[in-house]
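Chemist: I need the structure of the sequence given here:
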Amino acid sequence: MKQATAEFIGTMTLVLFGCGAAVIAGADIGLTGISFAFGLALIGMAYGIGGVSGCHINPAVTIAAVVAGRLPASKASTYIIAQVSGAVVGAAILYIIASGKGGGYDVSASGLGQNGWGVGYLGEYNVISAFVFELVATFLFVVVILGATGAGAPAAVAGMAIGLALVVIHLVGISVTGVSVNPARSFGPALFAGGHALGQLWLFIIAPVLGAVAAGVLFKSGMLDAD
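Modeler: Next up is the predicted model:
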């Protein structure tokens, strides 16, 4: 229960402040500010709940941890349910806050920080670009996570390394997909945005999971694991 609670709170925080930066402050802070909002939210949670659950706050990371032998498979479903639930609650809180803006707020027009691709979405990259980015970015992100939390790695700076990796990924990828690398982060906002966001959600589940599994296999095989 402690681990589930930690994962719930962590994922809720990531969605609320990461997507919130885009929805509420995006016009003022730009893509760089949004990138740092996601990264800093992750850093804060890494030090806040890392000692309780490992601060996965991402189903792809949980799956990679199972593949790499870092987490018992029996715990995976508990983690993932908590993560998805936290993402939905974070998106709901953001929706309530955004709806209180003077002059009105239309989620179908303004969005809720949902991921996507194609005509009308940010840089209008196609589905191949979106899939390749999410696959590769998640793979590299999980490599950083498993490496920074492995045996022999300096534990005190793991949260910083992981959070800064997420910042870099956002700096490159926001215009491509809005950056997911996290199925829960994509599911929460898409649930409220509906339409194309829900129709395109499959990519932000499949690509991150495949990238995470590939990273987990490398560590499990010993090719990257320091153990």
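
Chemist: any low-confidence regions in this protein?
Modeler: 225-227 (pLDDT under 70).

Chemist: by residue count, which helix of it is the longest?
Modeler: In the chain, with assignment by DSSP state H, the single longest helix is helix 20-53.

Chemist: by contact count, what packs against that helix?
Modeler: Helices and strands touching helix 20-53, by 3 or more C-beta pairs under 8 Å, 6 or more residues apart in numbering; DSSP states H and E, are helix 2-14, helix 73-99, helix 158-177. Backbone N, C-alpha and C define where each C-beta goes, glycine included.

Chemist: out of those, deepest packed?
Modeler: Here the criterion is mean neighbour count by mean count of other C-beta atoms under 10 Å, and of these the winner is helix 2-14, at a mean of 22.

Chemist: in the longest helix of the chain, what's buried?
Modeler: Using 16 or more other C-beta atoms under 10 Å as the test for burial, helix 20-53 gives 20-24, 26, 31, 34-46, 49-50, 53.

Chemist: show me what the helix or strand following that helix is packed against.
Modeler: Per DSSP states H and E, helix 20-53 leads on to helix 59-67 as the next helix or strand towards the C-terminus. If you count contacts as 3+ C-beta pairs under 8 Å, 6+ apart, helix 59-67 packs onto helix 73-99, helix 127-148, helix 183-193, helix 203-221.

Chemist: go with 6 Å
Modeler: helix 73-99, helix 127-148, helix 203-221 (3 or more C-beta pairs under 6 Å, 6 or more residues apart in numbering; DSSP states H and E).

Chemist: out of those helices, nearest to G163?
Modeler: Closest to G163 of these, according to C-beta to C-beta: helix 127-148, at 9.9 Å.

Chemist: residues contacting that closest one, please?
Modeler: 60-61, 64, 68, 117, 158, 161-162, 165, 169, 173, 176-177, 180-181, 203, 207-208, 210-212, 214-215, 219 (C-beta atoms under 6 Å, 6 or more residues apart in numbering).

Chemist: rerun at 8 Å
Modeler: Under the criterion C-beta atoms under 8 Å, 6 or more residues apart in numbering, residues 60-61, 64-65, 68, 70, 117-118, 125, 153, 157-158, 161-162, 165-166, 169, 172-173, 176-177, 179-181, 203-204, 207-212, 214-216, 218-219, 224-225 lie in contact with helix 127-148.

Chemist: many thanks, I have nothing further to ask.
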